[in-house]
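# Turn this into a structure:
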Amino acid sequence: MKSNRLEAFSDGVLAIVITIMVLEIKVPEGHDLEDLKPLIPIFLSYVLSFIYLGIYWNNHHHLMHTVDRVTGGILWANLHLLFWLSLVPFVTGWMGEHSFGAIQMGLYGIVLLMAGMAYNILQVLIIKSHGRDSILARAIGQDLKGKASLVLYLIAVASCWVNSWVAGGIYILVALMWLIPDKRIEQLMEGEG
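Have a look, this model is predicted:
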């Protein structure tokens, strides 16, 4: 199988996840701007999650351009990633509805951690399928940013029980680390093209 079907399916799932997430933001009953105030935590959690989903979509797109053939393992690893990303609307809504409480922030971090691990597994299986000299293997190298993200998620989840705002700051930090698209894959593909 070529990667275009896998990428199209993943794009569709992520589009649905984002749509579900925005539909969870309920319109207030009142008519004044003041009536929007209770929605601020919900909106902020939506913005953070939208950014995360955008980062995953962007990086997944680059990742799929390195794939020549899709194995069964790659299919299942991709579904594993989509499973964790499909939970983002739930944890986003719960976090926003409860104004960034410790339990909610912790569960949000666990979902981010699991999505990061799933993405890492997907990368490993692609490299295993395509070889150590593949574009992906050369582009990610030791993948220090990916490993640092997982460590930061663990620290954030642990910090929820001390101060959930510290966890929120770490989630924002990781998002900022990934906000600028990783150009390593593009640069290698252009060099070989």
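
# Just give the closest residue to residue 138, not the sequence neighbours.
Nearest in space to residue 138, with sequence neighbours left out and distances taken as Cβ to Cβ, 6 or more residues apart in numbering, is residue 188 at 5.9 Å. From N, CA and C alone the C-beta is placed, and that goes for glycine too.

# I figured that neighbour hits residue 135, correct?
Yes: between residue 188 and residue 135 there is a contact at 5.0 Å, judged by Cβ atoms under 8 Å.

# Against residue 45, how distant is the residue nearest to residue 138?
Distance, residue 188 to residue 45, using Cβ to Cβ, to the nearest Å: 36 Å.

# returning to what we had before: who are the packing partners of the helix or strand encompassing the residue nearest to residue 138?
Secondary structure assignment for residue 188, by DSSP states H and E: helix 184-192. Applying 3 or more Cβ pairs under 8 Å, 6 or more residues apart in numbering; DSSP states H and E, one finds that helix 184-192 contacts helix 40-64, helix 135-140.

# chain center to the first one: distance?
Between the centre of helix 40-64 and the centre of its host chain there is 6 Å, according to Cα atoms, centre = their mean, to the nearest Å.

# Would you mind identifying the next helix or strand past it?
Following helix 40-64 toward the C-terminus (DSSP H and E): helix 72-86.

# Then the shortest one?
The helix or strand immediately downstream of helix 135-140 is helix 144-159, counting by DSSP H and E.

# Go ahead and produce PDB holding the CA coordinates of the very next helix or strand once past that next one.
Where DSSP H and E defines the elements, the next helix or strand beyond helix 144-159 is helix 164-179. The C-alpha trace of helix 164-179 is given here as PDB (Å, rounded to 0.1, in the frame of the first residue of the first chain):
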ATOM      1  CA  SER A 164      -1.500  22.700  37.600                       C
ATOM      2  CA  TRP A 165      -0.400  26.000  36.200                       C
ATOM      3  CA  VAL A 166       3.200  24.700  36.000                       C
ATOM      4  CA  ALA A 167       1.900  21.800  34.000                       C
ATOM      5  CA  GLY A 168       0.000  24.200  31.700                       C
ATOM      6  CA  GLY A 169       3.200  26.100  31.200                       C
ATOM      7  CA  ILE A 170       5.000  23.000  30.300                       C
ATOM      8  CA  TYR A 171       2.300  22.000  27.800                       C
ATOM      9  CA  ILE A 172       2.600  25.400  26.200                       C
ATOM     10  CA  LEU A 173       6.400  25.100  26.200                       C
ATOM     11  CA  VAL A 174       6.300  21.700  24.300                       C
ATOM     12  CA  ALA A 175       3.800  23.200  21.800                       C
ATOM     13  CA  LEU A 176       6.100  26.100  21.200                       C
ATOM     14  CA  MET A 177       9.000  23.700  20.600                       C
ATOM     15  CA  TRP A 178       7.000  22.100  17.800                       C
ATOM     16  CA  LEU A 179       5.200  25.100  16.500                       C
END
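
# which residues of the chain score low on pLDDT?
181-182, 191-193 (pLDDT under 70).

# One more pass at 80, please.
Counting by pLDDT under 80, the chain has low-confidence residues at 1, 180-193.
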